[in-house]
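Colleague: Build me a model from this:
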Amino acid sequence: MMILVPSSSSSRRSTAPPAAGRRNVMMRKSSAREQEPFIKNNKNRNISKKHSTALTMINNRCIMNTVSCSSSTQLFNANKASSLDDDDCDDDGGSSNTSMDDNFTKDSNYYDDTLPTDFGLKTSLPDSQYTQVLFTNNLQSVAGKMRQFYDDHFGDPRQPNANRFVWDPWYVNVGDILKGTNMDPSESTMDFSTSSTLTKHNDDEVPGEHEATLAQTQYSLKRIQCNNFFTEQDFSILVEELTLLGRSIGLTAITPPWMSMYTHGDMQNFHTDAPQGPMAFVLSLSKENQFQGGETMLLRPNIMEMWKGFNGSVGLEAGQILRFIPPTPLGRLIAFDPRVPHGVNRVSGMQGNGNDPRYARVVIHGWYNQPEVCWFGPWDDNRKMQDLQGMLDETLQGIVDILDSGEIGRVVGYLACKLEIDEDGEVVNVLGVCDTLQADWEDYRGIIGYDEADRPVMEDATSDIKLTIYENLKNLHFGTGKKERSIVVPFLFE
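Modeller: You can find the predicted model right below:
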């Protein structure tokens, strides 16, 4: 597995030699087409282009383990993001490498002397469980401002406005293919039983099934890049609020956000997202009682593991198979695990023929990315910061060494831990504030030992990893200081 642990000091590059017995040591940088450009917002509004260091990859137990800082990518702040062109913001993404700022300052992306809005998840790390969806209703102010701009834009349908023509009416069938592939959709070789494109037919495929699948609607909506819609000032405010919330779970950047409008008949069929970031987000700009449907739908975790402990005596219905997250109230933001199959329930308009944009489902959405250690509160003695960073880096490297030992089975997902620190510098709480860890059952160890009563002890890889992290972080000491200091430390397992 790939273990991504950002250094608390942005200039640090992990180049430690591999331990004896490990194979295939190599350096890895992210692909230039691996993900979209990211947007960061600095408190001081200065344009900042940064990237974190390369990754050191180590093969252990025939599973790739990576230990180091975040992968290279281009970052934009709110003042710069309005200049992005379509090539920078396409769905396939794109990134370029830039120089690293070695300085740790109060204006950096890693430090904030205010406490951010958060998602309210504050479970002691050893008790933390997989959480598919996080939410907060605390973005009403910025959402109301963005919705007012949207309402003014469409307020008078008879008033000429050239900006209305920049919306993309995005309609995609399952069978639609990228232009230039010279393939007839009816001749698609996609295997719908897997993610591969090796064979057209499954062993149990019913005649006509393949063609019926190709004809299904995958996406139907109207969309626009937010930086092409809002004023530069409003867009800057939006990015500031979104990135401040993201830092509460150790994710310091967002992909260029989209704004989508769903009128009568619009929907998104089930899909999973490309690796744009550990968490997807959707901010509602929708008003109550203006349409029906439009819920964000996610496959429930029990369905993702349906055959584990299967109970054939119980039938399941829609509510037991899917989650339906309401598209309102305005100002609610949900962040969810983008690996889970999800979609948008078909919208039914309630005004006129249902296609009036003034009564549409309206959302802003994107992905959180760039996991980095984030320091919050009054860390006002900058002379000690390098020492504190070094102490935390040393501790994190020790955690990585333990997790890399091969004693714990492979897990995948994202984990953000929050250290709450008192005036004496003691860590009073280690909390799980974002947890999408799941065990890889191909690396499940089964019985790993026996207790005092000679009963078998089964491996629980996710719990073992969280307990290991907890035990190594809880005894740190950060020196005397003011109240309300905290640190969010992210771990990305791939």
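Colleague: Can you list the helices and strands that the longest helix along the chain packs against?
Modeller: Secondary structure of the chain per DSSP state H: the longest helix is helix 385-403. Applying 3 or more Cβ pairs under 8 Å, 6 or more residues apart in numbering; DSSP states H and E, we find helix 385-403 packed against strand 63-68, helix 461-473, strand 485-493. Placement of C-beta: from N, CA and C, glycine included.
Colleague: Where do the helices of this protein begin and end?
Modeller: Taking DSSP H as the criterion, the chain contains helices spanning 78-81, 140-154, 209-214, 232-247, 301-304, 318-321, 385-403, 461-473.
Colleague: Out of those helices, the one nearest residue 311 is which?
Modeller: helix 301-304 (10.3 Å; Cβ to Cβ).
Colleague: Buried residues, that closest one. List them.
Modeller: residue 301 (16 or more other Cβ atoms under 10 Å).
Colleague: which intervals of the stretch 51-200 of the chain have sub-threshold pLDDT?
Modeller: Residues of the stretch 51-200 of the chain meeting the criterion pLDDT under 70: 51-116, 178-200.
Colleague: Swap in 80 and give it another go.
Modeller: 51-117, 160-163, 177-200 (pLDDT under 80).
Colleague: most packed of the helices and strands packed on helix 385-403?
Modeller: strand 485-493 (a mean of 24; mean count of other Cβ atoms under 10 Å).
Colleague: quick check: angle from it to helix 461-473?
Modeller: 140 degrees (axes from the mean of the first three to the mean of the last three Cα atoms, to 10 degrees).
Colleague: so the longest helix of the chain versus strand 485-493, what angle?
Modeller: Using the same axes, to 10 degrees: helix 385-403 against strand 485-493 is 30 degrees.
Colleague: Quick check: which of the helices of the chain is nearest to residue 261?
Modeller: The closest of the helices of the chain to residue 261 is helix 140-154. By Cβ to Cβ, the value is 8.5 Å.
Colleague: quick one: buried residues of the closest one?
Modeller: For helix 140-154, the neighbour count (16+ other Cβ under 10 Å) marks 142-143, 145-147, 150, 153-154 as buried.
Colleague: With distance to residue 433 added, can I get those residues in TSV?
Modeller: Shown next, in TSV, are those (distance: Cβ to Cβ, whole Å):
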residue	distance to residue 433
142	21
143	22
145	27
146	26
147	28
150	31
153	36
154	38
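Colleague: rewinding a little: would you format the helices of the chain as TSV with distance to residue 358 included?
Modeller: Shown next, in TSV, are the helices of the chain (distance: least, Cβ to Cβ, whole Å):
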stretch	distance to residue 358
helix 78-81	27
helix 140-154	5
helix 209-214	35
helix 232-247	19
helix 301-304	37
helix 318-321	30
helix 385-403	50
helix 461-473	46
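Colleague: Tell me which of those helices sits nearest to residue 417.
Modeller: Checking those against residue 417 by Cβ to Cβ gives helix 461-473 as the closest, at 6.2 Å.
Colleague: just checking, what packs against the closest one?
Modeller: Contacts defined by 3+ Cβ pairs under 8 Å, 6+ apart place helix 461-473 against helix 385-403, strand 411-421, strand 427-435, strand 438-439, strand 485-493.
Colleague: Mind listing the strands the shortest one pairs with, and their directions?
Modeller: Here strand 438-439 is paired, per DSSP bridges, with strand 411-421 (antiparallel).
Colleague: ok, now which ones touch the closest residue to residue 478 other than its chain neighbours?
Modeller: Leaving aside its sequence neighbours, residue 478 sits nearest to residue 425 (Cβ to Cβ, 6 or more residues apart in numbering; 4.4 Å). By Cβ atoms under 8 Å, 6 or more residues apart in numbering, residue 425 lies in contact with 477-481.
Colleague: Equivalent analysis for residue 354, please.
Modeller: 263-265, 291, 347-348.
Colleague: Could you identify the pair within the residues you listed that is furthest apart?
Modeller: Every pair of these checked by Cβ to Cβ; the farthest is 265 and 291, at 11.0 Å.
Colleague: Counting neighbours, go ahead and name the busier of those two.
Modeller: Between residue 265 and residue 291, residue 291 has the larger neighbour count (other Cβ atoms under 10 Å), namely 25 against 15.
Colleague: how close does the more buried one get to residue 149?
Modeller: Distance of residue 291 to residue 149, given as Cβ to Cβ, to the nearest Å: 20 Å.
Colleague: and what of residue 278?
Modeller: Relative to residue 149, and taking Cβ to Cβ, residue 278 is found at 30 Å.
Colleague: from what I can see residue 269 touches residue 174, true?
Modeller: Yes: with contact defined as Cβ atoms under 8 Å, residue 269 counts as touching residue 174 (7.5 Å).
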